[in-house]
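J.: coords below, sequence missing:
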């Protein structure tokens, strides 16, 4: 009898391993328990109820929120793990269990009505919910740091902008002079297969150098056209297309496209992709033009200066741009706001 109990205990201790292996990088169990039970190769077969027991064991680990099947359950596990005397704990539990969508929409009055609490109690509870970790598994996952190595470096030298190829990206291939001379002195060198390989090596080095020369010429042209950006920032970016650079350098537009694709420029204002300097053109009330990047910069300034309790809607932002002579539709404002990863007005409103 005792041996049977020990064997049963050992089997139960193995169950959480299947749950842990099924967790995603955020610490969530996205797979249905029934499907997980079918996928586990174990004799006797695990049942859904047994996996539920294992799930509860995983959810009781030191990191509250692990093993959750939804955002609401994840936050609820963390609230339940807080000490009983934590201010706002009970109201926070009701919010994460039933009213997360209202919290996201910042519907303060409706939350007070549904929960039956005061404004101060709701404020404390909301602050508590915001401190919770929606992705508890991230602290255990491996994060890969992806670094951008700029292809060109732009510096201001004696009030002029100088462009130079980053030495770190330039190839250091070369033909050893001694071997090249020995080969040239050998009999029948010009007809040897090695002669063709030597010529191909020279072409390769020459083509690589020509490629970086093209990149530098394109970068210098960009800096010359967008000089105001380096002085004043995003708001001074001018509309520009690849054809402008192609015509000035006497190259085909496809060559400029290849020279700017996945290329980066290090400037005193940060590292930017070459394509960042080719914003599209927008019309103004006076008949002139401005760049889409300049409009996004204006929107960023307007949103930063707005009243947090009464944020600006897309219609209001479009109207303010029109007052400055920039005519854009509301849907264009919404598009640019989305590109800047700025939420809509109702989600920016602070309680």
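T.: Great, that's in hand. As the structure is a computational prediction, the values presented were derived from the model and not from experiment.

J.: counting residues per helix, which one in this structure is longest?
T.: Under DSSP state H, the helix in the chain containing the largest number of residues is helix 193-225.

J.: So residue 306 sits against residue 312, correct?
T.: Yes - Residue 306 is in contact with residue 312 according to CB atoms under 8 Å; the separation is 4.8 Å. From N, CA and C alone the C-beta is placed, and that goes for glycine too.

J.: of the two, who's got more company?
T.: A count of neighbours by other CB atoms under 10 Å puts residue 312 above the other of residue 306 and residue 312, at 19 against 16.

J.: Quick one: residues contacting the more buried one.
T.: Contacts of residue 312 were listed using CB atoms under 8 Å, 6 or more residues apart in numbering, and they are 302, 303, 306, 320, 345.

J.: Repeat that for residue 96.
T.: 72, 75, 76, 79, 129, 132.

J.: Going along the chain from the host helix or strand of the fourth one, find the next helix or strand for me.
T.: Per DSSP states H and E, residue 79 falls inside helix 71-80. Counting by DSSP H and E, the next helix or strand C-terminal to helix 71-80 is helix 89-98.

J.: buried residues in the longest helix of the chain?
T.: Residues of helix 193-225 classed as buried: 198, 212, 214-223, 225 (neighbour count, 16 or more other CB atoms under 10 Å).

J.: I'd like these as CSV, with pLDDT appended.
T.: Listed next are the buried residues of helix 193-225 as CSV, based on pLDDT from 0 to 100:
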residue, pLDDT
198, 76
212, 91
214, 93
215, 94
216, 93
217, 94
218, 95
219, 94
220, 94
221, 94
222, 94
223, 94
225, 91
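
J.: of all those residues, which comes closest to residue 114?
T.: residue 222 (55.2 Å; CB to CB).

J.: SS state for residue 343?
T.: Three-state assignment for residue 343 (DSSP: H, G, I helix; E, B strand; the rest coil): coil.

J.: How about residue 265?
T.: At residue 265, secondary structure determined by three-state DSSP is strand.

J.: For it, give the beta-bridge partners.
T.: In this entry, residue 265 is beta-bridged to residue 152, residue 272, by DSSP bridges.
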